[in-house]
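K.L.:
can't give you the sequence, but here's the structure:
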């Protein structure tokens with residue numbers, strides 16, 4: 001009898017997971033599928049990817065973890081913990097890039113990277129010089145900045161333990177807010193996701209694509225204008 005009960009429990013768990021996988025569509029379905037397949041560590045994997053691929057915003061990932069916690073598919077505190085670990089590991093990666101390359105080679109890399117401007121580097125550098133550790137802590141709650149603020153920290157060789165503590169605190173606050181929102185609003189979110197997950201996923205992807213396109217157009221126009229001004233007129 002115990003063996004039969006165990007088999008039935010496993011079958012029920014598998015059925016629930018398959019229901020989650022097939023119930024939601026598009027980008028949202030992919031995110032939920034990743035988290036259901038890997039469990040709480042999947043939240044960390046998603047946040048690690050987001051660190052190096054900012055167009056996949058954490059604001060679109062973390063509420064999904066909170067929703068799954070509301071739905072009983074994961075523990076909300078473990079989800080927050082793994083999300084913070086994913087952020088920390090990603091931040092270590094950018095810190096290592098800054099520490100290994102140093103200031104001059106990082107500036108050269110920024111200048112040679114399409115659509116990046118050396119002023120971006122100077123702004124991040126001044127921001128870090130002005131606020132120090134607080135720049136790392138507060139930067140974890142600012143889109144795009146949370147990924148790249150680690151580079152000047154690495155260049156300045158900020159003590160790794162101090163850098164890690166600030167990163168963990170800032171990331172934990174950010175992750176708790178967004179996962180908490182997904183958990184609290186789970187009852188209202190579920191019927192919407194069941195019926196409109198595909199449409200919502202398409203809207204999210206379109207918005208991300210439009211923002212990226214806007215960024216590219218603005219940067220290309222600035223580059224062309226700078227080249228035109230630097231070229232002597234006939």
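P.N.:
Received, thanks. Remember, predicted model here, so these are calculated numbers, not experimental data.
K.L.:
Now stretch 107-114: buried residues?
P.N.:
Along stretch 107-114, these residues count as buried under the neighbour rule (16 or more other Cβ atoms under 10 Å): 107, 110. For glycine as for every other residue, the C-beta is placed from the backbone atoms N, C-alpha and C.
K.L.:
oh, I was asking about stretch 64-80
P.N.:
Neighbour-count burial for stretch 64-80 flags 64-71, 73-74, 76, 78-80 (criterion: 16+ other Cβ under 10 Å).
K.L.:
Tell me the one among those residues nearest to residue 170.
P.N.:
Among those, residue 80 lies closest to residue 170 (Cβ to Cβ), at 13.2 Å.
K.L.:
Return the residues in contact with that closest one.
P.N.:
The contact partners of residue 80, by Cβ atoms under 8 Å, 6 or more residues apart in numbering, come to 172, 175-176, 179.
K.L.:
Sort out for me which of these are in helices.
P.N.:
Among these, the members falling in helices (DSSP state H) are 172, 175-176, 179.
K.L.:
which one of these has the most neighbours?
P.N.:
Looking at the ones in helices among the contacts of residue 80 with neighbours defined as other Cβ atoms under 10 Å, the largest count falls to residue 175 at 28 neighbours.
K.L.:
From residue 76, how far out is the residue nearest to that one when sequence neighbours are not counted?
P.N.:
Computed as Cβ to Cβ, 6 or more residues apart in numbering, the closest residue to residue 175 that is not its neighbour in sequence is residue 83, at 4.1 Å. Plainly put, residue 83 is 11 Å away from residue 76 if you go by Cβ to Cβ, to the nearest Å.
K.L.:
Name the residues contacting each of these two.
P.N.:
Taking Cβ under 8 Å, 6+ apart as the criterion, residue 83 and residue 76 both touch residue 179.
K.L.:
Centroid-nearest residue for the chain?
P.N.:
Most central in the chain under Cα atoms, centre = their mean is residue 50, positioned 3.2 Å from the mean C-alpha point.
K.L.:
and the strand or helix carrying that residue, which residues are buried?
P.N.:
Assessed by DSSP states H and E, residue 50 sits inside helix 40-52. Residues 40-48, 50-51 are the ones in helix 40-52 that count as buried (16+ other Cβ under 10 Å).
K.L.:
same question, stretch 131-149
P.N.:
Neighbour counts over stretch 131-149 (16+ other Cβ under 10 Å) mark 133, 135-140, 145-149 as buried.
K.L.:
Can I get those residues in TSV including pLDDT?
P.N.:
Output for these, formatted as TSV (pLDDT from 0 to 100):
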residue	pLDDT
133	80
135	82
136	85
137	85
138	82
139	79
140	80
145	70
146	72
147	70
148	76
149	81
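K.L.:
So of these, which two are at opposite extremes in space?
P.N.:
Longest span within these, Cβ to Cβ: 133 and 147, 17.5 Å.
K.L.:
All good on my end, thank you.
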